[in-house]
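1. Give me the fold of what follows.
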Amino acid sequence: MRVLVLATPVPSHLTPLLPLVWALRGAGHQVLLGGQPDLEAVATAGGLSMAVLGTEEQEVRKRLAVRATGRPDAGGAGGSRQEPPWDSLAERWRARLESVTGPVLALARSWRPDLIVADPLEHASLLVGGVLGIPVVHHRWGVDSFSTRSFGRVRDALAEICARHGLADGLPAPSLVLDPCPPGLQDPDAAPGLPLRFVPSNGAGTVPAWAADRRAERRVCLSLGLRTLALEGPHVLTGILEALGSLAGVETVTTVERQYREGLVVPPSVRLVDPVPISLFLDTCDAVVHHGGTGTGLTAIAAGLPQLVLPQTPWTAEHGERIAATGAGLHLPGAEGPDGAGRIADAVRRLLDEPGFAAGARRLGEEMARTPSPADVLPELERLAARGGVGGVRPAVQGGSSA
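-> Predicted structure coming up:
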């Protein structure tokens, strides 16, 4: 089986797909990534062959430029479950589809895949699959009702482009949705998907020497992901570091790139370290504080650790709300205000002192461990590819879409 992987040009959108890629290759299938240069480093580190399409997207730089003009950021600033800027998003969806459809179609026609696997925001996967009669599998990142709620708007926004490519009925739904989110954590509004065990894939590295050098009775990991500091600036760390530094008997480890450290006031109990995959040291921690990114959040669940989510966008708020609803942690939007440090410190104390949060996190971790592994779902993908190869038959997802 030949599998074409497509992903939007954001490294953290590709990394969750890597365990499935490794399973496919381990089973003897051919896998090729088609993507913009932004993904080359992740593809190389993950051992994934790649066909480079188009030019570098530089998503962070473009979003900062949009913000500088005063226009709404289609990436959705604001850490609450607010309505996103739909008009801005529609404009962004159309622009991206116009730019990548030609190169992706050319690649698919020349490489002739039996199956396309993509992240939920790569709408070109659905267009190309529809035009060429190739089954399309969407691989969610985690908690995700947005892609279900937004699919009608996506189809409306992209209808004209689809019609130009011969898809009179508009953008097709994916043939299958793979869902790495533990069922008990997933948003009830998300369309059903095939459960798939989350496997931490946030990069390779060496276990740091400081991991075993625990300087306090308890340790907290603070992680704001790959893009929060780049988009919001290091000032978002100020109140968080103040809060965590005030906790007696608690050491905080936070990964911060060196270019964002200038001017930071770092309390004595906070250890600032270079970026390293958090999966390499979470077994030395008691709790995780983060921005709501699903890679960080699901990695914390795999480690059985309670979480405090400080969301920066509506999408990360979705993860935080579900973590709180399951009893595996706390969700604290709007913690940037004058009383934010105190609220953060109180929340972390609760995570460390109230055993119910750790118990809730362990329950989610056990549920995650019971879901099928990436290797376990390969027979379903193979059957889907075989059916799609006969007359381009593509079974539709019921109840919505991950697109």
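
2. Where does pLDDT dip in the stretch 101-250 of the chain?
-> Along the stretch 101-250 of the chain, segments meeting pLDDT under 70 span 226-234.

3. can you give me the strands in it?
-> Taking DSSP state E, counting those that start in this stretch, the strands of the stretch 101-250 of the chain run over residues 115-118, 136-139, 176-179, 194-195, 218-223, 250-255.

4. ok, residue 141 - contacts?
-> By Cβ atoms under 8 Å, 6 or more residues apart in numbering, the contact set of residue 141 is 13, 16, 119-120, 180, 294-295. All C-beta atoms are positioned from the backbone trio N, CA, C, and that covers glycine.

5. that older thread, name the stretch from the strands of the stretch 101-250 of the chain that approaches residue 53 most closely.
-> Nearest to residue 53 among the strands of the stretch 101-250 of the chain is strand 115-118 (13.2 Å), distances taken as Cβ to Cβ.

6. before we move on, the earlier item: can you pick out the most distant pair from the contacts of residue 141?
-> 120 and 295 (14.3 Å).

7. Out of the contacts of residue 141, list just those in helices.
-> Under the assignment DSSP state H, these contribute 13, 294-295 to helices.

8. May I see the buried residues of the biggest helix by length in the chain?
-> Ranked by residue count under DSSP H, the longest helix found in the chain is helix 86-111. By neighbour count on 16 or more other Cβ atoms under 10 Å, the buried set for helix 86-111 is 88-90, 92-93, 96-97, 100-101, 103-105, 107-108.

9. Nearest to residue 160 among the residues you listed?
-> Nearest to residue 160 among those, with distances taken as Cβ to Cβ, is residue 97, at 10.2 Å.

10. Correct me if wrong: the closest one contacts residue 159.
-> No - counting by Cβ atoms under 8 Å, residue 97 stays clear of residue 159, with 11.1 Å between them.

11. where's the helix or strand containing residue 32 relative to the chain centroid, distance-wise?
-> Residue 32 belongs to strand 30-35 when assigned by DSSP states H and E. Taking Cα atoms, centre = their mean, to the nearest Å, one finds strand 30-35 lying 19 Å from the centre of the chain it belongs to.

12. just the CA coordinates of the following helix or strand past it, formatted as CSV?
-> Going down the chain from strand 30-35, the next helix or strand is helix 40-45, by DSSP H and E. Taking C-alpha atoms only, helix 40-45 is exported to CSV below (Å, rounded to 0.1, in the frame of the first residue of the first chain):
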residue,chain,number,x,y,z
GLU,A,40,11.2,19.4,6.6
ALA,A,41,12.9,19.4,10.0
VAL,A,42,10.1,17.4,11.6
ALA,A,43,9.9,15.0,8.7
THR,A,44,13.7,14.4,8.8
ALA,A,45,13.7,13.9,12.6
